[in-house]
Structures are given as C-alpha cells and as structure tokens.
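Student: 3D, please:
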Amino acid sequence: FSEGNQNITTTAIGPAGWGIALVNTASTGSSSIGSNGAQVLNVNNSSGIVVGGGSPGNSSIFANSSQAITVQGTGQNLLLVSAAEREVGVSTNGAQTIVAGQAGQSGGITLNGGTVDGANASIFGALNQTIQTSGELRVIGGNVSGPNRASAIINSNGNQTVTANSITVQAVSGPVSSGI
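Tutor: Modelled structure (predicted):
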C-alpha cells in the first residue's frame, strides 16, 4: 500500500504464469495492491493479472485517485477478476483506464461472480472510465441464491467507454445480475 502515488511494472512471468497474482487462500484478511494517490500498473509479457482467482478470501486493486492498468506484450494479456466466497475487484475513486492487450496482441478481460451472496467480482470507476481489450470481455454472474450483483463493470459519475473484440454478459443462475 502506498500513501502517495504508486507505479508498479512487471516484466516477466511470476507464479502460475501471471505478472501479478492477488490470491487470498484464507477466508479472512485480504490480498491487495492499493494507493491513496494515483496508481499505474504495467504488466508485460505474462498471462496478465489475476485478482481473486476463485480463492475464498478478499482480493483487490484500488486507488483513491486515478488508476491506469495496462497488460501487454507477448503473453495472454488477461485481466481475470474471479470471486469465490468473498468480494474481489479493481476500483478507483478517480478516472480509470484499463487496457488488456494492445492492438495486434492477445488479450481479454473476465469477471466471474462467486458462489455465495455478496461474492461480487467488479471493476469500478468513480469518474471517466475506459475499458479496452483486444480480445473478449466476459462479465459472468456467479452461482448464488441471494440478490446481490455478482459481476459488473460500474461507472458512478462520468463517461464510460468500453472497447472489445466481443462482449459476453451472462447471468448464470438464481436472481444474479451481470452487467456493464
């Protein structure tokens, strides 16, 4: 966690092929990358970024100011936000730009809702928001019986621009919401 601005760059493959892996295998606590200032994450030449990965605990990437996340290079260039039993997400209280795969590269963004009520997977921006992938954008609801939204890309107060090769939004079962 940074009290000021934060810049993180990865250039190689880490655990299980990911450039950044925020996976919390405990049912308490959280794994996170956070900043009170502006945040820039550049992930190069890997599978990309996994937040949650279906593990039981909370995982998040958050900034209290602007946020720019770029996943690019020779790898799969994925942003995977996948809940199981707790909430996982990528969020900012400022403007947000997320790029998963530059033009001509592999890429994709997937949000998977969890298996219990409140286990949401989300991307949230408070101001202008740009979400871009060279591949598929998938927003898939979880398998829950409660009313909480299970998977969503949300913009609360600004313009939202979403660009993808294809987009799939799917509610899986029960009163689950999925949306952009």
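Student: and the lowest-mean-pLDDT helix or strand in the chain, which strands flank it?
Tutor: Ranked by mean pLDDT, DSSP states H and E, the helix or strand of the chain with the weakest confidence is strand 178-179, at a mean of 76. Note on strand 178-179: by DSSP bridges, its sheet partners are strand 151-155 (parallel).
Student: So, low pLDDT: which residues of this structure?
Tutor: 144-149, 173-177 (pLDDT under 70).
Student: What is the neighbour count of I123?
Tutor: 26 (other C-beta atoms under 10 Å). The way it works is simple: take the backbone N, C-alpha and C, and place the C-beta from them, glycine included.
Student: who are the neighbours of the helix or strand containing it, in terms of helices and strands?
Tutor: In this structure, I123 sits in strand 121-125 according to DSSP states H and E. With contacts defined as 3 or more C-beta pairs under 8 Å, 6 or more residues apart in numbering; DSSP states H and E, the packing partners of strand 121-125 are strand 78-82, strand 88-92, strand 96-100, strand 108-112, strand 151-155.
Student: go with 6 Å
Tutor: strand 88-92, strand 151-155 (3 or more C-beta pairs under 6 Å, 6 or more residues apart in numbering; DSSP states H and E).
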